[in-house]
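just a sequence and a predicted model for now, questions to come.
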Amino acid sequence: MCCVRSLPTLFIARMKWTEFFIPTAKECPADAVVPSHQLMIRAGLIRQVVAGAYTYLPLGLRTLRKVETIVREEMNRAGAIELHMPAMHPIEWWEQTGRVAAMGDVLVRLASVSPDDWRSRTCLGPTHEEVITEIARAYVRSYKQLPINLYQIQTKFRGEARPKSGVLRTREFLMKDAYSFHLTKEGSGGLDEGYQKMYEAYCAIFSRCGLPYIAVQAESGPIGGDASHEFMVATDAGEDYLVHSEDGKYAANLERAEVAAVMDVGQGGNASLKEVHTPELKTIDEVSAFLKCMPQQMIKTMIFEADGEPLVALVRGDHEVNEAKLRRIAGIKKLSPAEPELIREVTGAEVGFAGPVGINCRMIADQAVTVMHDAVTGANKTDYHVTGVNPERDFQIKESGDIRMAIPGDRAPNGSPLIFKKCIEIGHVFKLGTKYSVSMEAQCLDHVGKPRPFIMGCYGIGLNRIMAAAIEAFHDDKGIIWPMSIAPFQVVICALDIKDDAVMSLAQKLHDELIASGIDVILDDRDARPGFKFADAELIGFPLRITIGKKGLADGLIELTVRQTGETQKIKPAEAVAKVQECVGAACI
RNA sequence: CGGGGCGUGGCGCAGCCCGGUAGCGCGCCUGCUUUGGGAGCAGGAAGUCGCAGGUUCGAAUCCUGUCGCCCCGACCA
């Protein structure tokens, strides 16, 4: 990637501001809270229609289309093949994969007047694994057709309980989703190779969009599969957390983040076990306040129901159990917090007084618990806790490991301190495995003619989120600062004196020359004062601004201003096209 | 789904407590002046006060219900 990319002709057309449609606003609705939402409204990019659904106004659509074009180019370059699937799906397919129940209210269904109505058998797709798997089942019959990667750019529907933060979380959104099909995991043509290709394509896409992204290890979650990365952009407007090590060598989402073992400080360990009366005190905070100890000195004892059996998990008082980690270490499928009844049964006490001492149940301790001394924990007796508890002396630890959430102060597995950041997920690559091919009986014949289920990968990108994330990452008090590659227009020409023939004819000439040289430019020909035009240009965030005024022109000069730096240089009109090309080129390599 | 807040011209808000002519700023339209950082003056258009009931001589205002939107939390394959 070393050459200047030319913009698809789709984006290049003569454009006067007065003939376009750009409803900017000085003020914005109080409803908009996060910067990207406020600026998208103020710059005239979007307008809300209902909660979680937005119109993309002409300017906003230009950026969305540019993002789309970059995604399409890089997907094609990576060997993926575009197709288009419908938003309407037969619910039956979703039943086959068990996802009608798994999705619950997230699956958008149509209101039907009767059970025989087609509407009662139709839903709007929140994603397309079912539809694509059916395509593969129908048409891909031989290993010779593999590997294959099919993708689309489609509107998705999800019944989000709470849409928020403008286009960052909506019920209707544009997503690029790709699905790869393989018969092997390793080797040439295998899933691992296809996954790696997509990972690299994603890096290329986000780099070209100018985004400061970070790829993190992610939980594969209930969708199944064994490997997954999320692509994140750090922003306070996000709703996820990522952690990365100070040395940059380790990055994961919060749910996935592993922590280095906590050192045994070796202090204490001689106290004797003592029962203390703690009436009505159930939480870590209540008990630690009452006994004047730190939460770190307490052992939190959580009871779960794991595949139908009770399971006790021990973590330090200031830590939280990470259910995904616990599930993996325990080697179980289904994990949920135990009902109070089960807790009473296991501990012989009311909820809030569980402890590891004397409990008779499968128990897994977090590593940090194994190095505790003289700890405090529940006594398995209502209204009592015990102090002076020492692992191994007072209770046996047969199983232990990393089963907790990382917290600030923790270190990555390589020992480097962990840094926490709020972020927004813009892409996700995922090894699905055979979950869908098995449940939908999508198979193909291998070298020896034996039918085998496809091994699949899926790869998603939120197009609208790329747009919003770019704004979150690049804005100032004046407005948006678009990366060159996805700006609605690369250049705005501000003609300051529209009744002045010299000004207007030069503006028009430069506009035409820029168009001819493949630059997309809009000519601000509004009859407005300079400050008004500048403020709009800065609000919308065109990367470059050419200012042509009567006064400057008297000296034979015009101005070129870079939005990002605010830097202005006076140039000769004849230099303008070359200078702009230079700036555009420098920004797009 | 739990908790909180808000619905009054395109946008931002006041008015509501204490019922009685629907108001301000931005924007919009017309005219004149102005033209390098969101211009000035004059004139003008635009609102079923979210919706439905109720109380009242009279409801933006009080009561009941309902819908919508936003925020916090829960959820998020």
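Great, that's in hand. Numbers count the residues shown, from 1 in each chain, chains lettered A, B, ... in the order given.

can we go C-alpha only for contacts and neighbour counts from here?
Noted.

let me see the contact set for the residue positioned nearest the centre of chain A.
The residue lying closest to the centre of chain A (CA atoms, centre = their mean) is A:Glu425, at 1.0 Å. Each residue near A:Glu425 by CA atoms under 8 Å, 6 or more residues apart in numbering is listed here: A:230-233, A:238, A:240, A:465.

now do 6 Å
A:231-232 (CA atoms under 6 Å, 6 or more residues apart in numbering).

same question, A:Ser416
A:245-246 are the contacts of A:Ser416 under CA under 6 Å, 6+ apart.

domain ranges for chain A?
A:78-87+A:125-257+A:420-467, A:274-401, A:489-588 (automatic domain parsing).

figure out the length between the terminal residues of the second one.
In other words, domain A:274-401. Domain A:274-401 has an end-to-end distance of 27 Å (criterion: CA to CA, to the nearest Å).

please report phi then psi for the residue nearest to A:Leu539 when sequence neighbours are not counted.
Using CA to CA, 6 or more residues apart in numbering and skipping residues adjacent in sequence, the residue nearest A:Leu539 is A:Gly479, 3.9 Å away. Backbone torsions for A:Gly479, taken as degrees, to the nearest 10, come to phi 160, psi -160.

same question, A:Gln443
phi -130, psi 160.

re earlier: from A:Thr370, how far off is the residue nearest to the centre of chain A?
According to CA to CA, A:Glu425 and A:Thr370 sit 35 Å apart.

pairing partners for the lowest-mean-pLDDT helix or strand in chain A, with directions?
Within chain A, no helix or strand scores below strand A:335-337, which has a mean of 84 by mean pLDDT, DSSP states H and E. If you go by DSSP bridges, strand A:335-337 pairs up with strand A:299-306 (antiparallel).

next secondary structure element downstream of the partner strand?
strand A:309-316 (DSSP states H and E).

that following strand: what's the following helix or strand?
Trace forward from strand A:309-316 with DSSP H and E and the next one is helix A:323-330.

that following helix: how far from the chain's middle?
23 Å (CA atoms, centre = their mean, to the nearest Å).

residues contacting that helix, please?
So helix A:323-330 is in contact with A:Ile403, going by CA under 6 Å, 6+ apart.

put the alpha carbons of that helix into CSV.
Extracted in CSV, the C-alpha atoms of helix A:323-330 (Å, rounded to 0.1, in the frame of the first residue of the first chain):
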residue,chain,number,x,y,z
GLU,A,323,-18.1,-16.8,34.5
ALA,A,324,-16.5,-17.5,31.1
LYS,A,325,-13.2,-18.3,32.7
LEU,A,326,-14.9,-20.4,35.4
ARG,A,327,-16.8,-22.3,32.7
ARG,A,328,-13.7,-23.1,30.8
ILE,A,329,-11.7,-24.2,33.8
ALA,A,330,-14.5,-26.2,35.2
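
mind listing the strands for the stretch 151-300 of chain A?
With strands called from DSSP state E, counting those that start in this stretch, the stretch 151-300 of chain A shows them at A:172-182, A:213-217, A:227-234, A:240-245, A:251-253, A:274-277, A:299-306.

for A:Lys435, which of those is the nearest?
Nearest to A:Lys435, of all those, is strand A:172-182, at 12.3 Å by CA to CA.

would you check that the residue nearest to A:Leu539 makes contact with A:Phe542?
No - using CA atoms under 6 Å as the test, A:Gly479 is too far from A:Phe542 to be in contact (10.0 Å).

more neighbours, those two?
Shown here are A:Gly479 and A:Phe542; by other CA atoms under 10 Å, A:Phe542 has more neighbours (28 against 24).

check which helix or strand covers that one.
A:Phe542 belongs to no helix or strand, assigned by DSSP H and E.

same deal with A:Ala101?
helix A:99-103.

ok, and for that helix, which residues are buried?
Under the neighbour-count criterion of 16 or more other CA atoms under 10 Å, helix A:99-103 has A:Val100 buried.

mind checking pLDDT for A:Pro340?
We have a pLDDT of 84 for A:Pro340.

ok so, going back, does RNA strand B sit close to the least confident helix or strand of chain A?
No - for strand A:335-337, no contact with RNA strand B is found by CA under 7 Å from any atom of the strand; the gap never falls below 10.6 Å.

just give me the neighbour total for the residue in the stretch 351-500 of chain A that RNA strand B sits nearest to.
As assessed by CA to the nearest atom of the strand, RNA strand B sits closest to A:Asp497 within the stretch 351-500 of chain A, at 5.6 Å. Neighbours of A:Asp497 under the rule other CA under 10 Å: 20.

still on that earlier bit, confirm that the residue nearest to the centre of chain A sits in a helix.
No - per DSSP: H, G, I helix; E, B strand; the rest coil, A:Glu425 lies outside any helix segment and is strand.

partner residues bridging it?
Residues in beta-bridge contact with A:Glu425 (DSSP bridges): A:Met232.

cool, and the one 5 residues further on?
Note on A:Phe430: beta-bridge partners A:Ser228, A:Cys458, judged by DSSP bridges.

surely it is in contact with A:Gly460?
No - contact criterion CA under 6 Å: A:Phe430 and A:Gly460 do not qualify, at 8.5 Å.

helices of the stretch 101-250 of chain A, residue ranges please.
A:129-139, A:191-208 (DSSP state H, counting those that start in this stretch).

list the residues that contact A:Met94.
One thing to correct before we go on: residue A:94 is Trp, not Met. If you count contacts by CA under 6 Å, 6+ apart, then A:Trp94 has A:Val100 around it.

find the nearest non-adjacent residue to A:Gly415, please.
A:Ala260 (6.3 Å).

quick one: contacts for the one you found?
Taking CA under 6 Å, 6+ apart, we find A:Ala260 in contact with A:411-413.

distance of it from A:Glu559?
Taken as CA to CA, the span from A:Ala260 to A:Glu559 is 56 Å.

also A:Met175?
Following CA to CA, the distance that separates A:Met175 from A:Glu559 is 40 Å.

ok, now A:Ala442?
62 Å.

where does the stretch 101-250 of chain A dip in pLDDT?
A:220-226 (pLDDT under 70).

my guess is A:Asp240 contacts A:Ile426. True?
No - A:Asp240 is beyond contact range of A:Ile426, at 11.0 Å (criterion: CA under 6 Å).

the two: which is more packed in?
Counted by other CA under 10 Å, A:Asp240 and A:Ile426 do not tie: A:Ile426 has more neighbours, with 23 against 18.

and for the nearest residue to A:Thr283 once chain neighbours are set aside, the neighbour number?
Sequence neighbours aside, A:Gly352 is the residue nearest to A:Thr283 in space, at 6.6 Å (criterion: CA to CA, 6+ apart). Look at A:Gly352: counted by other CA under 10 Å, it has 27 neighbours.

can you check the one 4 residues further on too?
Residue neighbour count, defined by other CA under 10 Å, stands at 28 for A:Pro356.

any idea how far stretch A:199-215 is from the chain center?
For stretch A:199-215, the distance to the chain centre is 13 Å (CA atoms, centre = their mean).

going by neighbour count, list what's buried in that stretch.
Buried, per 16+ other CA under 10 Å, within stretch A:199-215: A:199, A:201-206, A:208-211, A:213-215.

so which strand or helix has the residue of the stretch 451-589 of chain A found nearest RNA strand B?
Per CA to the nearest atom of the strand, A:Gly531 is where the stretch 451-589 of chain A lies closest to RNA strand B, at 2.7 Å. Assignment of secondary structure by DSSP H and E places A:Gly531 within helix A:530-540.

show me what that helix is packed against.
Judged by 3 or more CA pairs under 6 Å, 6 or more residues apart in numbering; DSSP states H and E, the packing partners of helix A:530-540 are strand A:479-480.
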